[in-house]
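**Student:** predicted model, plus sequence, below.
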Amino acid sequence: MKKPGTDQLSLALICLVGVFVALQNTKGLEGTEFSGGWLTGPLLWMAEIGIGLFLLALVVAFIHRRVAAAIGFAASLFCLPLYLYFTAPVPFNQIFGFGHELKVQPRGASNGTDGR
């Protein structure tokens with residue numbers, strides 16, 4: 001059996017990092033309102049598919065590098081919408097919300113009391 005090269009090991013390491021980042025971002029979201037929403041539900045579902053693809057790419061990295069790279073790229077594309085939603089929810093909703101209005105309080109606004 002041939003010893004894995006540095007390129008295979010680095011690809012496997014990148015896929016492993018992708019799994020950990022995706023798991024960290026989806027931790028605690030399953031079974032919440034986030035998983036059942038019409039906009040956020042598919043985002044979580046896509047991220048879960050991305051985690052599976054990252055794991056598949058991790059295994060395939062030691063067999064076929066190019067195929068593993070393509071699978072890893074597809075996995076990152078599946079996880080990207082959830083990351084964008086967490087990074088900038090209002091612009092994401094304006095682009096993909098299709099008429100759904102996201103209520104965001106202005107900076108410095110309180111929860112209905114004027115502090116007196």
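**Tutor:** Yes, it's here.
**Student:** regarding F62, what is its secondary structure?
**Tutor:** coil (DSSP: H, G, I helix; E, B strand; the rest coil).
**Student:** gap between it and F73?
**Tutor:** Between F62 and F73 the distance, using Cβ to Cβ, to the nearest Å, works out to 18 Å. Every C-beta, even on glycine, is put in place using the N, C-alpha and C of the backbone.
**Student:** neighbour count winner among those two?
**Tutor:** Of the pair F62 and F73, F62 is the one with more neighbours under other Cβ atoms under 10 Å, namely 15 against 12.
**Student:** so the more buried one sits against Q8, correct?
**Tutor:** Yes: F62 sits in contact with Q8 when judged by Cβ atoms under 8 Å, with a separation of 5.6 Å.
**Student:** residue ranges in this structure under the pLDDT threshold?
**Tutor:** The chain contains residues with pLDDT under 70 at 1, 97-116.
**Student:** and the residue nearest the centre of it?
**Tutor:** By Cα atoms, centre = their mean, the mean C-alpha position of the chain lies nearest to C79, the distance being 3.1 Å.
**Student:** what strand or helix carries the nearest residue to that residue once chain neighbours are set aside?
**Tutor:** Distance criterion Cβ to Cβ, 6 or more residues apart in numbering; nearest residue to C79, sequence neighbours excluded, is G50 at 3.8 Å. The secondary structure element spanning G50 is helix 40-60 (assigned by DSSP states H and E).
**Student:** export that helix as PDB, just CAs?
**Tutor:** Below are the C-alpha coordinates for helix 40-60, written out as PDB (Å, rounded to 0.1, in the frame of the first residue of the first chain):
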ATOM      1  CA  THR A  40     -34.100  28.700   7.600                       C
ATOM      2  CA  GLY A  41     -35.200  25.000   7.400                       C
ATOM      3  CA  PRO A  42     -33.700  24.400   4.000                       C
ATOM      4  CA  LEU A  43     -30.500  26.200   5.000                       C
ATOM      5  CA  LEU A  44     -30.000  23.800   7.900                       C
ATOM      6  CA  TRP A  45     -30.900  20.900   5.700                       C
ATOM      7  CA  MET A  46     -28.300  22.000   3.100                       C
ATOM      8  CA  ALA A  47     -25.700  22.400   5.800                       C
ATOM      9  CA  GLU A  48     -26.300  18.800   7.000                       C
ATOM     10  CA  ILE A  49     -25.800  17.600   3.400                       C
ATOM     11  CA  GLY A  50     -22.600  19.600   3.300                       C
ATOM     12  CA  ILE A  51     -21.400  17.900   6.400                       C
ATOM     13  CA  GLY A  52     -22.000  14.500   4.800                       C
ATOM     14  CA  LEU A  53     -20.200  15.600   1.700                       C
ATOM     15  CA  PHE A  54     -17.200  16.800   3.700                       C
ATOM     16  CA  LEU A  55     -17.000  13.400   5.400                       C
ATOM     17  CA  LEU A  56     -17.300  11.700   2.000                       C
ATOM     18  CA  ALA A  57     -14.500  13.900   0.600                       C
ATOM     19  CA  LEU A  58     -12.400  13.100   3.600                       C
ATOM     20  CA  VAL A  59     -12.500   9.400   2.800                       C
ATOM     21  CA  VAL A  60     -12.200   9.800  -0.900                       C
END
